[in-house]
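Asks: here's a sequence, model it:
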Amino acid sequence: VSKTPVIQAEEIKAAVSPPARRDLDSSLVLPAKEAVEVPRPVLPTPQPTPQPAVARVSQSSSKPSEGRDVSDPKKLRKITSIRPFQDYSPLGQPPVNRKPEELKLGEGDFPARVFESQVFRWKPSDLYHFPLYFEDPALERYGHTHHELLQPFVSAHRFGTQLIGLPYQMTIDPILKKTYSLGWYRPGEPAPKLLYQVPWNAEAAAAQAGVMTGLFFLVP
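Replies: Numbering: from 1, shown residues only. So this is what the prediction gives:
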């Protein structure tokens, strides 16, 4: 039986450790730096936020004072004590300047503003109304008036004529006829004084004659 050789520990250590290199200069080998301990930042300890003191109000102090009691109408201030002046103070305090400061404009010339010119076309209204049997276009639309002493009589004469000739007008323009405000002079245009004549219509004349004849026999 062969015997197993016994290896000593010193031989194992010599086999594991690498051989030292003799060709390196010892002056080129840098010494190992010592470990430097970095100080940790010290955080400030948070302080509690001071809370404002809460005043305790008793139930008796929460009631309004006698001077501010407005439940009784007799204790209210009279309306005659209010003054319509600028320096009037409802609480009796000295007047306070409430007006803003007025700034004066400079004396220099103001340059003209350059705006783009825009042209607007007049568009007639799409609204309509029923016939106006007691209309005075010259007076109501264009402002053509007579003398201030004569105008009431002219208007009364026109109203009476339109009232008598109401059957004539209602035949030409029925009650539910749609009438548009077209054909009149527009605002701002020169409107000449015209004499508006009653248009002749045979059917309207026959209706007017029939109504007048019937009223003649009905009214005693």
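
Asks: who's in contact with stretch 126-146?
Replies: 151, 154-155, 158-159, 162-163, 166, 169-170, 173-181, 184-185, 191, 193-194, 196 (C-beta atoms under 8 Å, 6 or more residues apart in numbering). The C-beta positions use only the backbone N, C-alpha and C, and glycine is treated the same way.

Asks: what sits closest to residue 180 if chain neighbours are left out?
Replies: The shortest distance from residue 180 to any non-neighbouring residue, by C-beta to C-beta, 6 or more residues apart in numbering, is to residue 128 (5.1 Å).

Asks: surely residue 124 meets residue 182?
Replies: Yes: assessed by C-beta atoms under 8 Å, residue 124 is found in contact with residue 182 at 5.7 Å.

Asks: ok, the residue nearest to residue 180 to residue 154 distance?
Replies: Counting by C-beta to C-beta, to the nearest Å, the gap from residue 128 to residue 154 is 29 Å.

Asks: the two - which one has more neighbours?
Replies: Remark: of residue 128 and residue 154, residue 154 carries more neighbours, 14 against 11, as counted by other C-beta atoms under 10 Å.

Asks: in the longest helix out of those in the chain, what counts as buried?
Replies: Using DSSP state H to define each element, the chain has its longest helix at helix 202-218. Buried residues in helix 202-218, counted by 16 or more other C-beta atoms under 10 Å: 204, 207-208, 211.

Asks: all helices of this structure, in order?
Replies: Using DSSP H, helices in the chain cover 9-16, 137-140, 151-164, 166-172, 202-218.

Asks: tell me the buried residues within the contacts of stretch 126-146.
Replies: 162, 169-170, 191.

Asks: and which of the residues you listed is nearest residue 111?
Replies: Each of the buried ones among the contacts of stretch 126-146 was checked against residue 111 using C-beta to C-beta; the closest is residue 191, at 39.4 Å.
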